[in-house]
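Novice: the sequence and its predicted three-dimensional model are supplied below.
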Amino acid sequence: MSQSQLPWPLLETVAALADAPLTRIAERLREATLPYVQSSALVIFTEDCTGRPQKTAGEEAITSLVSIADLDPLRAALSDEAPWFGEVELAGRMRSVLTFKHAASHALLVLTDPELSSRGHNADLDVVTYLWHIAARRIQEKVADAPPSYLLESRAASAERVRVTAELTDLHSTTLETIVAALRSPSLNDATARSAATDLTAKALVALRTISHRTAELVEEPVAKAFERLREDLRPLTRFSGIEIDFIEPPLNGRALPGEVAHAARAIVRGLVLAMSEQPDVSRIRTQWDCDGENLLINVRDDGRGALAADAPSIGRLDRRVQALKGNLRMDVMAGWGADVFVSLPLDLPARPVGDVAGWDLAARELEVLQHLVRGHRNRTIASAMSISENTVKFHVRNLFRKLQVGSRTEAIALAHSHGLQ
């Protein structure tokens, strides 16, 4: 094919998508898919990004309302990677959607109100599937190579989401339980109405608690479950490499791991196992996890000749990943006895200087608005407290988003928390 025949627009789109930062990947993917499938909004749901599992672009009326409660059952209902058209309840009402699932990461792509171009149904879907696979893989790679600042902000965003969900759960649980108590009162005469309302409210309570538990699961992972996922990740290597891997499991009652730590731990062990398996005469690798309540303790050891070098590029990359989480990696290599690697990853966020926000160049009023946001105040409350209009509050919030390079209140709050702002 000559250069003039190459599909340059598509190649440029792929390059832009592959180059997109995590904060812009939904926007870039939507721009890439619009020539093939028109849509009102695009939503990505990925557990690789534990702090921000939803990435959205398009109509704010949809992107601001779509929730994990909408996306989780939709993803669970998809059995394979084939595109699926249908109607589901999303962002508050029934909507027509086109969905794609990524098998390797279990990430979900949703296009709302889809309209295919006139070029050809199958051809357009094939291109969108191809673009989605690139985006899903890039999300995985970018999370794996994330800098310390991203990891800190992700941890803070996770904590903020849990806090908000817990507050909402407490508020609505109290309301619903009060309704149930009233309806169960024998002083009410209409037994049928009482029974129906009781059933509806009980179901609402179950749904609310399910959302709360699911949010917690996204943010934290039981250490035993995280280790089992590691075993599944390494199973293909044990099947085809001829190397036997011994798994020494962590205590079942060990402290749950923050999502970022669980992801990083699996990536680090996979990297170490691959590096060790490339040495000559390695037939067995042993990996062990433990938890001391404050740190995840990882040990990986091989039975090779001790040829693995501490300054090898693969070890350097893993060490940078460990340092990004404020952890420690130590390697002991003995000629003829193999390599022994110890990794410690702290489970809690490192302390940061209080109010370390000078680099954001915020005006005094903007900083005051940000402090109100951190306390969970709405625009009306902020306006009253600062004796300004709600429109002025919105103006300051927009400026904050621009200066902090975030796209939502939750992201702004998480970033402020990660910098010690109270």
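Specialist: Now that the structure is in, tell me what you want to look at. From a predicted model like this one, the values you see are computed outputs, not experimental measurements. Numbers count the residues shown, from 1 in each chain.

Novice: list the contacts of the residue nearest the centre of the chain.
Specialist: Centroid-nearest residue in the chain: C49, 2.1 Å away (criterion: CA atoms, centre = their mean). Each residue near C49 by CB atoms under 8 Å, 6 or more residues apart in numbering is listed here: L22, K55, I139, V143, S154. (Each C-beta comes from the backbone N, C-alpha and C, glycine too.)

Novice: same list (those) but as TSV, adding pLDDT and secondary structure.
Specialist: As requested, the contacts of C49 are exported to TSV (pLDDT from 0 to 100; DSSP: H, G, I helix; E, B strand; the rest coil):
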residue	pLDDT	secondary structure
L22	83	helix
K55	91	strand
I139	89	helix
V143	80	helix
S154	69	helix
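
Novice: any idea how far the residue nearest to the centre of the chain is from A57?
Specialist: 15 Å (CB to CB, to the nearest Å).

Novice: mind saving the C-alpha coords of the strand or helix carrying F342 as CSV?
Specialist: Counting by DSSP states H and E, the element that carries F342 is strand 338-346. Below are the C-alpha coordinates for strand 338-346, written out as CSV (Å, rounded to 0.1, in the frame of the first residue of the first chain):
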residue,chain,number,x,y,z
GLY,A,338,19.6,-17.6,43.5
ALA,A,339,18.0,-14.3,44.1
ASP,A,340,15.9,-13.3,47.1
VAL,A,341,13.7,-10.2,46.9
PHE,A,342,11.9,-8.5,49.7
VAL,A,343,9.3,-5.7,49.1
SER,A,344,7.4,-3.7,51.7
LEU,A,345,4.4,-1.6,50.7
PRO,A,346,2.8,0.7,53.3
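
Novice: and E87, that's in a helix?
Specialist: No - read with DSSP: H, G, I helix; E, B strand; the rest coil, E87 is strand and lies in no helix.

Novice: how about M94: what's its closest non-neighbour residue?
Specialist: Leaving aside its chain neighbours, M94 sits nearest to E87 (5.4 Å; criterion: CB to CB, 6 or more residues apart in numbering).

Novice: now do the helices in this protein.
Specialist: Ranges of helices within the chain are 8-19, 25-33, 60-63, 68-77, 121-144, 148-183, 191-219, 223-240, 259-277, 313-324, 364-374, 379-386, 390-404, 409-418, based on DSSP state H.

Novice: now stretch 69-76: mean pLDDT?
Specialist: For stretch 69-76, the mean pLDDT works out to 88.

Novice: er, stretch 244-252 actually
Specialist: Here stretch 244-252 scores 88 as its mean pLDDT.

Novice: chain center to it: distance?
Specialist: Centre-to-centre, stretch 244-252 and its host chain are 26 Å apart (CA atoms, centre = their mean, to the nearest Å).

Novice: and for stretch 93-107?
Specialist: That offset, for stretch 93-107, works out to 16 Å (CA atoms, centre = their mean).

Novice: how about stretch 126-142?
Specialist: For stretch 126-142 - counting by CA atoms, centre = their mean - the centre lies 16 Å from the chain centre.

Novice: swap in stretch 72-92?
Specialist: In terms of CA atoms, centre = their mean, the gap separating the centre of stretch 72-92 from the centre of its chain is 19 Å.

Novice: now do the end-to-end distance for it.
Specialist: By CA to CA, to the nearest Å, the extent of stretch 72-92 from end to end equals 15 Å.

Novice: got the contact list for stretch 87-106?
Specialist: For stretch 87-106, contacts defined as CB under 8 Å, 6+ apart pick out 37, 39, 46-48, 61-67, 70, 74-75, 78, 80-81, 83-86, 107-114, 128-129, 132-133, 136-137, 139-140.

Novice: for it, how far is the first residue from the last?
Specialist: 21 Å.

Novice: which residues touch the nearest residue to A307 once chain neighbours are set aside?
Specialist: Among residues not flanking A307 along the chain, Q279 sits closest, at 4.9 Å (CB to CB, 6+ apart). With contact set as CB under 8 Å, 6+ apart, Q279 has these partners: D302, G304, R305, A307, L308.

Novice: then N328?
Specialist: Here N328 is in contact with V322, V343, S344 (CB under 8 Å, 6+ apart).

Novice: ok, so of the residues you listed, who is nearest E27?
Specialist: Proximity of these to E27 (CB to CB) peaks at V322, which lies at 31.6 Å.

Novice: is the closest one in contact with V343, as I believe?
Specialist: Yes - using CB atoms under 8 Å, V322 makes contact with V343 at a distance of 5.8 Å.

Novice: need the residues touching each of those two.
Specialist: Listed contacts common to V322 and V343 are I268, N328, L329; contacts here mean CB under 8 Å, 6+ apart.

Novice: measure how buried A309 is and give me the count.
Specialist: Residues near A309, counting by other CB atoms under 10 Å, number 13.

Novice: please report the distance of the closest residue in space to T56 that isn't next to it in sequence from M276.
Specialist: Leaving out its chain neighbours, the residue that sits closest to T56 by CB to CB, 6+ apart is T63, at 3.7 Å. Per CB to CB, T63 is found 44 Å from M276.

Novice: check I243 too.
Specialist: 8 Å.

Novice: more crowded one of the two?
Specialist: Neighbours per residue (other CB under 10 Å) separate I243 from M276, with M276 holding more: 25 against 17.

Novice: could you pull up the contacting residues of the residue nearest to S241 when sequence neighbours are not counted?
Specialist: Using CB to CB, 6+ apart and skipping the chain neighbours, the partner closest in space to S241 is S277 (5.6 Å). When contacts are counted by CB under 8 Å, 6+ apart, S277 touches L237, S241, I243, I285.
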